[in-house]
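Visitor: heads up, no residue letters with this:
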């Protein structure tokens, strides 16, 4: 089975496109994706890589670009979505618990849908509890456990691991040692996993 | 005839891919590209958009990404190429004169080939004179005229115009009011020119 590590942070705008289309790509390509939440904000601050802050022209372009590409993938976001997310860390702590327990993908899709399609910022209420209820998880239990030191350590470890292998943004697709950054490199990553080259 | 404005700066790394494949895309798509050199460094400083400086991880990725994509387009660069270019402004002054006189595309391809494939930085010797000689232009005449105040004003005007329509990086493809940034958006721009949507 061909495998790709899907490194992502809830809070990344372009990751919406990947989160929403990854199951389709997995089915059509035969590649299995491992969902690996990390804290992209920590990486970006560390690496002085702040893509949209104080960049109004680039930010406006980003939303337009996402809108056009969403349409191509038959998605219907209401843009711009809230950005940046105040609850980025909590959103990804929940996803980290989800990765342990097998529901990271379902939760991530649910929370992105509410964030991008229903104007509910991820990582805060009502999005958190509603997304967990959507996927059959108990919000009270999950929110308590997600904020434990064990899960906090797990998210920090994942973030360190991501930096070790060269991840600097979200989404990133890792195929062995090869890193592909951006939703627009998903097809490149799949090509690489299948044949070791693009095209 | 479908038309796309190709806004570019010699000095941009990813623009190598577009410069080298644009004639092929033009032929296969029936789209005509208007080559419009501008000073991307001026725009980026103005907009605090410095993509690779002090970002070693992202820079290393950028070269690897270009290498993989170059292979896909049957190009054979020797990477990393010299970056940033000391002679960025002069390189684009020459291209601006070339745009007036009808040889911007030929010069831009020639100078990128020497920069990316023969380790000769664009905008300085021997690249400047050799690239001009390659395309049948007199280096002495061109280099004098390119450094006139008339051409300097023309490059400044082009740069202002680029900013007015929302260009913030190179390469950018403009289809009417729609802006597509990056070599990886060339196909999106062609789709938009042909059918007003992607895919």
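Guide: Good, I have the coordinates. A quick note: this is a predicted structure, and the numbers were derived from the prediction, not measured.

Visitor: what does chain A have sitting close to chain B?
Guide: A:47-49, A:54-55, A:57-58, A:60-61, A:64-65, A:68-69, A:71-72, A:163, A:166, A:168-169, A:178-181, A:184-185, A:188, A:192, A:197-199 (C-beta under 8 Å from any C-beta of the partner chain). Glycine gets a C-beta too; all of them are placed from N, C-alpha and C.

Visitor: ok, 6 Å please
Guide: Taking C-beta under 6 Å from any C-beta of the partner chain, the part of chain A that reaches chain B is made up of A:47-49, A:54-55, A:57-58, A:68, A:72, A:168, A:184, A:198-199.

Visitor: compare the residues you listed and tell me which is most surrounded.
Guide: Among these, the one with the most neighbours (other C-beta atoms under 10 Å in any protein chain shown) is residue A:168, at 22 neighbours.

Visitor: neighbours of residue A:108, just the number please.
Guide: Neighbours of residue A:108 (other C-beta under 10 Å): 30.

Visitor: so it touches residue A:22, yeah?
Guide: No - the pair residue A:108 and residue A:22 fails to qualify as a contact (C-beta atoms under 6 Å) at a distance of 9.3 Å.

Visitor: now the helices: where do they sit in chain A?
Guide: Applying DSSP state H to chain A gives helices spanning A:15-29, A:40-46, A:56-72, A:88-101, A:104-117, A:127-134, A:139-146, A:149-164, A:186-195.

Visitor: which one of those lies nearest to residue B:94?
Guide: helix A:56-72 (27.3 Å; C-beta to C-beta).

Visitor: quick one: list the elements packing against that closest one.
Guide: Helices and strands touching helix A:56-72, as assessed by 3 or more C-beta pairs under 6 Å, 6 or more residues apart in numbering or on different chains; DSSP states H and E, are absent.

Visitor: which other residues reach it?
Guide: For helix A:56-72, the surrounding residues in contact (C-beta atoms under 6 Å, 6 or more residues apart in numbering or on different chains) are A:17, A:52, A:77, A:79-80, B:47, B:168, B:198-199.

Visitor: equivalent analysis for stretch A:164-172, please.
Guide: Counting by C-beta under 6 Å, 6+ apart, A:7-9, A:12, A:15, A:18, A:40, A:47, A:49, A:179, A:181, A:183, B:57-58 sit against stretch A:164-172.

Visitor: what about chain A, any weak spots by pLDDT?
Guide: Applying pLDDT under 70 to chain A flags no residue at all.

Visitor: still on that earlier bit, in the residues of chain A next to chain B, find the pair that's most separated.
Guide: A:54 and A:199 (37.1 Å).

Visitor: would you turn the contacts of helix A:56-72 into CSV with distance to residue A:150?
Guide: Shown next, in CSV, are these (distance: C-beta to C-beta, whole Å):
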residue, distance to residue A:150
A:17, 32
A:52, 33
A:77, 34
A:79, 36
A:80, 35
B:47, 43
B:168, 43
B:198, 43
B:199, 44
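
Visitor: ok, these vs residue B:34, which is closest?
Guide: residue B:168 (19.1 Å).

Visitor: do you know how far that closest one is from residue A:61?
Guide: 7 Å (C-beta to C-beta, to the nearest Å).

Visitor: quick revisit: narrow the contacts of stretch A:164-172 to just the buried residues.
Guide: A:7-9, A:12, A:15, A:18, A:40, A:47, A:49, A:179, A:181, A:183, B:57-58 (16 or more other C-beta atoms under 10 Å in any protein chain shown).
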